Structures are given as C-alpha cells and as structure tokens.
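Chemist: Requesting a structural model of the entry that follows:
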Amino acid sequence: MGDTLSLLFVDVTTLPQGGFGFVQLLFLGAVYGMILFSASGMISNGSELLLLIPSLAGLVGSVVLPVLGAVPDGAIVLFSGMGPVAEAQEQLSVGVGALAGSTIMLLTIPWALSIIAGRVSLDGRGNPTYGKRPKLNPPGSWKNTGVGCGSTIRGCGVAMVVTAVSYIVIQGPAFGVKCGTKTQVAANECHGANEKWWSLVGLVLCIGFFIWYLAKQVATANSNADTNNKIDELRKNALATGLLSLRGVFGTGSGRPGETQPLLGIDSNSARFRNTLRPFFNKYDRNGDKRIDATELALLMRDLNEEPTPKQLKALLAEMDKDGNGTVEFHEFAEVVSKIVCTPTSNSTLTSIVPGDDAPEKKKDEEGEGEEDEEEEEMPSDLAHLPPEVQQRRLKMRAAWMMTVGTVIVLLFSDPMVAVLSEVGNRVNISPFYISFILAPLASNASELLASFNYAAKKTEKTVSISFAALLGAATMNNTFCLGIFLALVFFRGLAWEFSAETISILFVQAVMFTISRKRILPTLTTSALVFALFPISIALVAVLEGVGLD
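Modeler: Coordinates of the predicted model:
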C-alpha cells in the first residue's frame, strides 16, 4: 500500500502486545471483515442487477458475474505478496490461506447447506419428488430425502478439475527444485529463482484456462440452463418486490429508433415467459382449478405492479375471458399479457394500453423479451412506476455504481485485512495460513454462501442446480483468476512457492467434489455429512502433511 493510503489505516504492528492490544487487533479484523463482506455483497448485487437487462443478461451471467465474484479473493492474494520481498514471502501464507480457504469453503459448507435446504422426499426408486406436495413428507424429515442435480453440473465439475491442472504445473517442479519440504526450505535450498520459469508456465496456463472458461461461458450464454434459470428467478423477484414492472422486466422499450431490442421473442407459448407469470397466477388460484375471477385478477395485476381502474379491469377481463364464463384461465391470461408486454408505449403502466377510461388503444408492434427474476435479497421498489426504458437505464446506473464502489472498497481494505490476519497469526503463534483459511472466506465469500442457500431453499431441481453451478464456477475462477495472480507474484517478484501441503489439500477436495458432481441424485444425510466433513479434514490434512515434513 502506498504511503499516503497507509495513513488511513492503523499500523497493526504498533498495537500493544498485551491482551488489550490483541482485542484491538481482533476488533480491527472484525471491522475490516464486515466492510469487505459488505463490499463483496455490493459487487454481487450490482452485477446481478445487470441480469435484468435483456441485452446484457447473457454476457453478465457468463463473464461479469464469475469475474467480479473472484475479485475479493484475488485482491487479498495480490496484496499478500506486495511490499518488501522478505516481508511479502512471509505474508504470502495469508494469500494462499485465503485462496485455499475460499476454494474449499465454497465447495463444502455452502454445498452441504444447499443439500439440506433443497432436500425433498425420494420415491421408491430413489428419485426426488419435486412434483408432489408437500415436497417433504413428513415435513422436516431427513431420512429418504435428497436433491436432484441438472446435467449441467457435471460440465461445471469437469471445468473445475481441468483448470486445477495449473496447481500441478507449479507444485510438481517445486519438489524437483527443492522447494517441496520444510527441510529444504530451512536449509535455504529453496529460492524463488528455482521456480521462476515454472511459475511463468503456470501463469500462462491460468490465463489460457481463464480465457477458455469465459469463452465457453459466452458460447453457451443464451442456452446455458443454469444461467437462464438464475435470470428467470431474478425476474420473478424483481416483480414480487416491486423493483420493476412487467414490461420493465422484459426490457420492452418505447419503440423509438436506437432503443435496445430484447434478446428473446415473447409469446404466450414461450416457456420462460409463462414460467415467469405462473407463480403469480397460482397464488390466486387457491382451489387449483387453473382459473381466477375478476377480484383475483385485480389482485394479480397489482402484484405485477399495475393498478387497473374498474373500467380497465372490466376491459382486461373481457379480452382475457374468451369463452365468456366469467373466469380467466392461465393460457388466456398469458396470451393477453404477452401482447400487452410487446406493445411499445411511452407510458409506464401495463394497463395504460388496455381500453378503458382515457387509455390509448392498443397497437400492434412486437418487442419484448422473456426473462425473469429470482434472488431473495431486499430490493427497492422505486422503479416500477417509471417507463420501461427508464427502468432499464436506471438499473444500469445503479448496477455500475454498486460494482464500482464495491470494487474500490475491496481494493482499499484488502491490504489492511492481510496485515491483520498476518499479525493475528504471529501473536497467537499459529501460521497465518490457518487464520486466513478460516477467516478470509467469511469476509469475501459469505454472500455466496447465503445466495446458494436461498436458491436451494426453493426446493426445485433448477434452483438447486443454480446453487451448485455457482459454487463450482467460483472454484474454477479461483483455479484461474486467483491462482494466476498468485503465480504472477511468484514470477515477477521472485517469491518462492512453498505450499505443498496446501496444494495437495486443495486438489484432494476438488477431486472429491468432482466425483460428487457426477452423481444425479444426492441423498441428504450421507452426502451433506461427507461434504461438511471435507472442510475440517482439509485443514487436518494440511497439518498432517506439514507434520511429516512438507512445506
């Protein structure tokens, strides 16, 4: 950190050595951790807002979300290797602790919690009963329960293990150039120069894997089931929380030249469009007859951020009720709403284009896109009253602000956080690796843990797959983006790779999780217990390997 910026933060080495000084140190760590947690949340929430922009959703889901999600861990790794070389070599254990802790924590604790939250009863053949009610029978049961994984999870697991090859590229030669054991390090036989060119090979490989993974994501951006499911869930949530109107969610513009066009066509038969509307319709179809009456239609339109007048409601009902039985079936509702969503207008309300009162007549001009919404976060309800094109513009501005501020805060506070973790380790006479292994992920990855749990708690195969895909994707980004930063430090700063035990532990956990990701059905008790256990086992494995002489 520069001299000017360093004046903004407490020099932790100047704190008193007694118990009071240690309390101050822990307090600083808690404050920095909370700030980093909040900043990571801003980056994540801001990037997810961009998923509500139809023209950007594919690119954001495939590239922006994975990269920005890795920024907090990458910043901690980067700043752990800054400063004087001798000091950087010591602090690098904080960076590898953050890298290992983040990777292993994401693959274990949130994965196990997602299984528990998303579990449903299994039938006699061992298949999840997602189509039955209640999904857990009896409610709260654990035995004979589990989750189903979408086919895309296997591909995510393959990407993770393929990119893990970069660890082997640097660790294998480390043993050969006398940097693999504590004895060699203590005898001063290990020097950064010995590993310099191998670290360059690993860095190039990380860059190659990073580009390959993002290119793969971009190529499947519009067809990737997990990304599309996440967008759909986010759109539902934006409607439910009042963030956007229905036409704002689907990106319907004003029809003026230069207006952004939607990515997908909307019609009443579009599966994604119908799936967006269905939960709102079902909410008022209390008897399950797939029909709603006029009163329920008014409540439904209000849920979609519309307030029809009695005349407008009557006009809506007349247009939807084709068979004249006084009720509206779902297909009738979806057909009319799809036409309304595709009608360009400068007015902000959906009901403004329905005949009634002084509303203008409907026009025929198709625009629109079928995307939706999910996440369980709190969102402000201050945009739904605006015209759709203004809603989209405001979303972009808000997302840019949140991501920019979050990234700046992460870059500012990562260095002092590294200093705190290193000093805590020194004062309790424990390797800073173990301190950062446990504490750093709480600051940088807690939001991902909560998001994965919330998605899985919806108890559908789609949302469980969203959780698992995001966790495997985060591990892949750590294998490329974060490890690439680490190897760049080793190469450009002449640092030594002295992390054999940590590397073996990371590869062990990824190998186990790759095997689990290949399974179609994950039973609750056995799988969650195994995955939970991997976290303490990985720490114990590092301690055992260091105990037998590995560095």
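Chemist: From now on I want contacts and neighbour counts done on CA atoms only, so please keep to that.
Modeler: OK.
Chemist: Could you list the single helix or strand in the chain with the lowest mean pLDDT?
Modeler: strand 373 (a mean of 36; mean pLDDT, DSSP states H and E).
Chemist: packing partners for the following helix or strand past it?
Modeler: Remark: after strand 373, the chain's next helix or strand is helix 388-427, criterion DSSP states H and E. Applying 3 or more CA pairs under 8 Å, 6 or more residues apart in numbering; DSSP states H and E, one finds that helix 388-427 contacts helix 19-49, helix 65-80, helix 85-118, helix 246-249, helix 432-444.
Chemist: Buried ones in the helix or strand R302 falls within, by neighbour count?
Modeler: Using DSSP H and E, the element containing R302 is helix 294-303. Neighbour-count burial for helix 294-303 flags A294, E296, L297, A298, L299, L300, M301, D303 (criterion: 16 or more other CA atoms under 10 Å).
Chemist: Check which helices and strands it is in contact with.
Modeler: helix 271-284, helix 310-320.
Chemist: what sits against L507?
Modeler: A164, Y167 (CA atoms under 8 Å, 6 or more residues apart in numbering).
Chemist: if you set the cut-off to 6 Å instead, what comes out?
Modeler: Contacts for L507 (CA atoms under 6 Å, 6 or more residues apart in numbering) come out as none.
Chemist: What helix or strand is it located in?
Modeler: helix 500-517.
Chemist: After that helix, heading C-terminal, what element do we hit next?
Modeler: strand 521-523.
Chemist: Tell me which strands that following strand pairs with, and in which orientation.
Modeler: Using DSSP bridges, strand 521-523 pairs in its sheet with strand 145-148 (antiparallel).
Chemist: Which SSE is immediately downstream of the partner strand?
Modeler: helix 152-163.
Chemist: That following helix packs against which elements?
Modeler: Other elements packing on helix 152-163 under the criterion 3 or more CA pairs under 6 Å, 6 or more residues apart in numbering; DSSP states H and E are helix 461-477, helix 500-517.
Chemist: Please list all residues in contact with the closest residue in space to G425 that isn't next to it in sequence.
Modeler: If the residues on either side of it in the chain are set aside, G425 comes closest to P432, at 4.5 Å by CA to CA, 6 or more residues apart in numbering. P432 is in contact with V94, S422, G425, counting by CA under 6 Å, 6+ apart.
Chemist: How many residues are close by G131?
Modeler: 8 (other CA atoms under 10 Å).
Chemist: can I assume it sits in a helix?
Modeler: No. Counting by DSSP: H, G, I helix; E, B strand; the rest coil, G131 is located in no helix; its state is coil.
Chemist: For the helix holding R302, list the C-alpha coordinates in PDB.
Modeler: Only the C-alpha atoms of helix 294-303 are listed here, as PDB (Å, rounded to 0.1, in the frame of the first residue of the first chain):
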ATOM      1  CA  ALA A 294     -62.300 -10.700 -11.600                       C
ATOM      2  CA  THR A 295     -61.400  -9.900  -8.000                       C
ATOM      3  CA  GLU A 296     -58.400 -12.200  -8.100                       C
ATOM      4  CA  LEU A 297     -57.400 -10.700 -11.500                       C
ATOM      5  CA  ALA A 298     -57.300  -7.300  -9.900                       C
ATOM      6  CA  LEU A 299     -55.100  -8.500  -7.100                       C
ATOM      7  CA  LEU A 300     -52.900 -10.300  -9.600                       C
ATOM      8  CA  MET A 301     -52.400  -7.200 -11.700                       C
ATOM      9  CA  ARG A 302     -51.500  -5.300  -8.500                       C
ATOM     10  CA  ASP A 303     -48.800  -7.900  -7.800                       C
END
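Chemist: any chance of the helices and strands packed on helix 294-303 in a markdown table, with mean neighbour count too?
Modeler: Listed next are these as a markdown table, based on neighbours: other CA atoms under 10 Å:
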| stretch | mean neighbour count |
| --- | --- |
| helix 271-284 | 18 |
| helix 310-320 | 18 |
